[in-house]
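> Just the structure for this:
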Amino acid sequence: MAEPQDTFQSLSLEAEEKEEQTDDRPEASRGEGAPISDLLDLDSSAPAVLSGSAGAECGTDSHVAPSQDSVGPALLPEDSVGPALLSEDSVGPALLSEDSDEHGASVERSMEQTVSLPSSDIALSSLSPVDERDLVIKVSDHNLIPSTSFNSSSYVTYAVSTRTSRKVFDRTEYNVRRRYQDFIWLREQLEDTYKTHIVPPLPEKHSLSRIVQMDHFTPEFLSRRMGALSKFLNRLAEHPTISFDRTFMAFLIADEKEFEVAKSSRLGMLDKFSATVRQAVSGFVLKNPDPDFTSLQNYFSKLSQHLSQIEAAAFGALQDAQEIRSELLTLSDTCRKWSLMETVDRPMLDALADCFRTTSGVTASLDTELSLAFAPFHEYSLYCESAQEVLKRREALQMDHELAVEELLSKQGALGTAKTADTSKSLMSFFSSAEKVKADRIESAQASLALAQQASERTGDDLECANEHLRADMSRWQRVKKSDMANTFVNISEIHIAHLSKSLEMWQSLMSSLEDGGSGAA
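Numbering: from 1, shown residues only. Below you'll find the model as predicted:
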């Protein structure tokens, strides 16, 4: 077994090579000009992405992986991949084979005609004009809708502004309004459609208020949420398969009425796994577990534990910091009261009281910024949950395949028995010749064997598709995680440096004034 450090570096580099490959199929084969009615016709047969249950189909003519031109530039520069990202004891062998297709499934049906949308009342100037991505999304302009009756509650809508250069869109800019519940619906639909892809997590409804104790209708909370929702949508836009999903595109461009049609037509599509897969999760033990994916399960389990411990420790530190700030204010008040009793020492005590109070304020600001800076750790905890669910679904597919193989072996044995059986003394031989009875049994066994062979091949294809999806998504996820964690650590460092520099400068100023006063008095 190869060293994890080498294999995951190989995984990332192989995935980059796949990203550089382009689709040489004719442009017409990718499907252009589908009307918006087709885009929103999301009945149970519309997203032809499941062969049995694996998720988006692999290697079929009806699904062409998007080319580099259609997907846009790589998510990260080449030098951002760097060395292996995981410790030696956490991950097993490499997960990406040489012939793996990073894109998995491909572009869904495209559209040329679109519906009339509301006039663009949200300026897109805040979307960087030099951004080289071909699909950029921004969530902004929160609007509180007050309750209209006793049984209803207030809610918030957000402007979702999209800028794109993709040919599958009829326009380059779109503006729609969506509720938080719409984001939840979108993710549920994508997770249901792409069962073996890692769908980015959605920021929890009250996660920010849990961290910094703020009301979820305050401008500060809504501003933070808009940033988190923007990140969620742009993560989807950067996924080479999910970003071309018709449900995702409808979320970005459909007006309110059309979007309601899209949501209602997607109901009842949650049952795509076979009965075997749905029931086998708890009672079946894999006979040949894949060591690569077993290592991944262990990795995500350990990573989730580490991230949870970091969150718990950070929250505890913030609780302790509140007590320290209270004690600093007590010191400030005490020094201030003491100074009222003094004449010569009053300036010194007043200055000391100011330092204690300012330090308390600086610490409060530091804690608020740090609590928000630690948010990515919670996001990646949710990522771990998503990945673990995908791995469970992949394991269920392997269970389905192993059961199909067992059934195939059983049918092969039954055919052999039928060929060698002596039917001369069977009950059926009283109504027909022994040769006819034997021929009928062989024919029946051959028909059953053919069905078992088809089931084995189908479940094997589903499993291979799931493996390819996970390998590609893991490679991409590791690169993005490395960039996100680096930015998070830099952000935490800069916050500490900025706030502690203020505190240090203040206390150094006090020391200088005290030293000058002491030498003068002497």
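
> doesn't residue 397 make contact with residue 462?
Yes - using C-beta atoms under 8 Å, residue 462 is in contact with residue 397, at 5.3 Å. Any C-beta I mention is one placed from the backbone N, CA and C, and that applies to glycine too.

> the helices in the stretch 351-500 of the chain, which residues?
In the stretch 351-500 of the chain, the helices defined using DSSP state H, counting those that start in this stretch lie at 375-420, 434-521.

> Adding mean neighbour count, distance to residue 202 and mean pLDDT as columns, could you present these in CSV?
Shown next, in CSV, are the helices of the stretch 351-500 of the chain (neighbours: other C-beta atoms under 10 Å; distance: least, C-beta to C-beta, whole Å; pLDDT from 0 to 100):
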stretch, mean neighbour count, distance to residue 202, mean pLDDT
helix 375-420, 19, 8, 93
helix 434-521, 16, 16, 88
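
> Would you convert these into a markdown table that also reports distance to residue 315?
Shown next, in a markdown table, are these (distance: least, C-beta to C-beta, whole Å):
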| stretch | distance to residue 315 |
| --- | --- |
| helix 375-420 | 10 |
| helix 434-521 | 15 |
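
> And the ones you listed: which comes nearest residue 334?
helix 434-521 (16.5 Å; C-beta to C-beta).

> Kindly calculate the angle that that closest one makes with helix 375-420.
On the basis of axes from the mean of the first three to the mean of the last three C-alpha atoms, to 10 degrees, helix 434-521 is oriented at 170 degrees to helix 375-420.

> From the contact counts, what lies against helix 434-521?
If you count contacts as 3 or more C-beta pairs under 8 Å, 6 or more residues apart in numbering; DSSP states H and E, helix 434-521 packs onto helix 4-20, helix 291-339, helix 346-373, helix 375-420.

> what angle separates that helix from helix 291-339?
20 degrees.

> thinking again about what came up before, so which of the helices and strands packed on helix 434-521 comes closest to residue 184?
Proximity to residue 184 (C-beta to C-beta) singles out helix 375-420 among the helices and strands packed on helix 434-521, at 13.2 Å.

> Report all helices and strands that the closest one contacts.
helix 207-212, helix 275-280, helix 291-339, helix 434-521.

> Swap in 7 Å and give it another go.
Secondary-structure packing of helix 375-420 (3 or more C-beta pairs under 7 Å, 6 or more residues apart in numbering; DSSP states H and E): helix 275-280, helix 291-339, helix 434-521.

> Can you check which of the ones you listed gets nearest to residue 223?
Short answer: helix 434-521, nearest of those by C-beta to C-beta, at 17.0 Å.

> tell me the angle of that closest one relative to helix 346-373?
170 degrees.

> which residues of the chain score low on pLDDT?
Counting by pLDDT under 70, the chain contains low-confidence residues at 1-131, 150-151, 205-216, 266-284, 423-432, 517-522.

> Let's have the helices and strands packed on helix 375-420 in JSON lines, adding distance to residue 164.
JSON lines is the format used below for the helices and strands packed on helix 375-420 (distance: least, C-beta to C-beta, whole Å):
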{"stretch": "helix 275-280", "distance to residue 164": "36"}
{"stretch": "helix 291-339", "distance to residue 164": "33"}
{"stretch": "helix 434-521", "distance to residue 164": "20"}
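
> Mind checking the ones you listed for the one nearest to residue 190?
That would be helix 434-521 among those, by C-beta to C-beta, at 12.8 Å.

> Let me have the helices and strands packed on helix 434-521 in JSON lines, extended by distance to residue 234.
As requested, the helices and strands packed on helix 434-521 are exported to JSON lines (distance: least, C-beta to C-beta, whole Å):
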{"stretch": "helix 4-20", "distance to residue 234": "18"}
{"stretch": "helix 291-339", "distance to residue 234": "22"}
{"stretch": "helix 346-373", "distance to residue 234": "19"}
{"stretch": "helix 375-420", "distance to residue 234": "13"}
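
> where exactly do the strands run in the stretch 101-250 of the chain?
Taking DSSP state E, counting those that start in this stretch as the test, the strands found in the stretch 101-250 of the chain are 135-145, 155-164, 173-179.

> Would you tell me which of the helices of the stretch 351-500 of the chain gets closest to residue 259?
When the helices of the stretch 351-500 of the chain are compared by C-beta to C-beta, helix 375-420 sits nearest residue 259, at 24.4 Å.

> on that earlier part again, can you tell which of the helices of the stretch 351-500 of the chain is closest to residue 170?
Of all those, helix 434-521 comes closest under C-beta to C-beta, at 28.6 Å.

> where does residue 146 fall, phi/psi-wise?
Main-chain dihedrals, residue 146, degrees, to the nearest 10: phi -70, psi 160.

> which residues does it contact?
Going by C-beta atoms under 7 Å, 6 or more residues apart in numbering, residue 146 touches residue 154.

> quick one: it and residue 152, what's the gap?
Distance, residue 146 to residue 152, by C-beta to C-beta, to the nearest Å: 9 Å.

> again with residue 167
With C-beta to C-beta as the criterion, residue 167 and residue 152 are 42 Å apart.

> Looking at the two, which one has more neighbours?
residue 167 (14 against 10; other C-beta atoms under 10 Å).

> Tell me how far the more buried one lies from residue 236.
Counting by C-beta to C-beta - residue 167 and residue 236 are separated by 19 Å.

> Same check on residue 226?
Using C-beta to C-beta, residue 226 is found at 16 Å from residue 236.

> again with residue 132
18 Å.

> So for these two, which sits in the more crowded spot?
residue 236 (21 against 9).

> sorry, back to before: which among the helices and strands packed on helix 375-420 is found nearest to residue 179?
helix 434-521 (26.8 Å).

> and the residue nearest to residue 355 when sequence neighbours are not counted, what is it in contact with?
Counting by C-beta to C-beta, 6 or more residues apart in numbering, residue 510 is the residue found nearest to residue 355 once chain neighbours are left out, at 5.3 Å. Taking C-beta under 7 Å, 6+ apart, we find residue 510 in contact with 351-352, 355.

> For these, give me TSV that also has distance to residue 194.
Below are the contacts of residue 510 laid out as TSV (distance: C-beta to C-beta, whole Å):
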residue	distance to residue 194
351	62
352	61
355	56
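
> For residue 188, state which of these is nearest.
Using C-beta to C-beta, those come closest to residue 188 at residue 355, 53.0 Å.

> Roughly how far does that closest one sit from residue 502?
11 Å.

> can you tell me which of the strands of the stretch 101-250 of the chain comes nearest to residue 232?
The nearest among the strands of the stretch 101-250 of the chain, by C-beta to C-beta, is strand 135-145 at 8.6 Å.

> got the contact list for that closest one?
Contacts for strand 135-145 (C-beta under 7 Å, 6+ apart): 72, 122, 126-127, 154-164, 166, 217, 222, 226, 229-230, 233-234, 237, 243, 252.

> and with 6 Å instead?
122, 127, 155-164, 222, 226, 229-230, 233-234, 237 (C-beta atoms under 6 Å, 6 or more residues apart in numbering).

> Adjacent strands (with direction) for that strand?
Strand 135-145 sits in its sheet next to strand 155-164 (antiparallel), going by DSSP bridges.

> quick one: buried residues of the strand it pairs with?
156-164 (16 or more other C-beta atoms under 10 Å).
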